[in-house]
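How does the following fold in three dimensions:
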Amino acid sequence: MLQNLSFGYLRDDNMAVNEKFRIFHQNFVDCYSIAFPERFIKVRARDFGVRWFTRELKRLRNQMVFIQDLYKLHNSPELRTLRNKFRLQYRLAIKRKKIAENDKLIKNALNLTKLIWSLINNRRNIRKQRNYGNISPNDFM
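Next comes the predicted model:
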């Protein structure tokens, strides 16, 4: 891309060095922007809105993913054992954090029964929905 540009202005003795550099730098930045456009990346949605997912859990998750990738690459029994060990450690850490967070929520709850049932229903993946079925106006006559 830079090879298609004209650099004749660099030989111009009437132009100041700072101006030559500014033009060169601007050409370089423009070519860079075209060659490497700005991209937006997606951030893991599972980390948003979950206050209990700490840096320690993220570190454990990254280690587990790294070991899983190694195991997929090399498929050795030692890596399988290590992967299973880290997976268990990660799951237990998440379970402990969830229990601690739920205990904290329960201790600070104004309506304890409502909170406990909402936690249970969240665990069961039940949302408040009303299913009235297919009722037509003629069904009331």
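
make it CA atoms for all contacts and neighbour counts henceforth
Noted.

who does the strand or helix carrying Gln89 touch, helix- and strand-wise?
Under the criterion of DSSP states H and E, Gln89 resides in helix 77-107. Applying 3 or more CA pairs under 8 Å, 6 or more residues apart in numbering; DSSP states H and E, one finds that helix 77-107 makes contact with helix 55-74, helix 112-123.

Which of those has the lowest mean pLDDT?
With a mean of 84, helix 112-123 has the lowest mean pLDDT of the helices and strands packed on helix 77-107.

who does that one touch, helix- and strand-wise?
helix 77-107.

Mind listing what's buried along the helix it packs on?
Buried residues in helix 77-107, counting neighbours by 16 or more other CA atoms under 10 Å, are found at Leu79, Arg80, Leu82, Arg83, Phe86, Arg87, Tyr90, Ile94, Lys97, Asn102, Ile106.

Report the separation between the second one and Val65.
Put plainly, it is Arg80. 13 Å (CA to CA, to the nearest Å).

Output the lowest-mean-pLDDT helix or strand in the chain as PDB, nothing but the C-alphas.
Each helix and strand of the chain was given a mean pLDDT (mean pLDDT, DSSP states H and E); the minimum falls on helix 112-123 at a mean of 84. Provided in PDB are the C-alpha atoms of helix 112-123 (Å, rounded to 0.1, in the frame of the first residue of the first chain):
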ATOM      1  CA  LEU A 112     -36.800 -14.100  52.800                       C
ATOM      2  CA  THR A 113     -39.400 -16.500  51.300                       C
ATOM      3  CA  LYS A 114     -39.700 -14.600  48.000                       C
ATOM      4  CA  LEU A 115     -35.900 -14.500  47.700                       C
ATOM      5  CA  ILE A 116     -35.400 -18.200  48.400                       C
ATOM      6  CA  TRP A 117     -38.100 -19.200  45.900                       C
ATOM      7  CA  SER A 118     -36.600 -16.900  43.300                       C
ATOM      8  CA  LEU A 119     -33.200 -18.600  43.900                       C
ATOM      9  CA  ILE A 120     -34.800 -22.000  43.600                       C
ATOM     10  CA  ASN A 121     -36.600 -21.100  40.400                       C
ATOM     11  CA  ASN A 122     -33.500 -19.500  38.900                       C
ATOM     12  CA  ARG A 123     -31.700 -22.800  39.600                       C
END
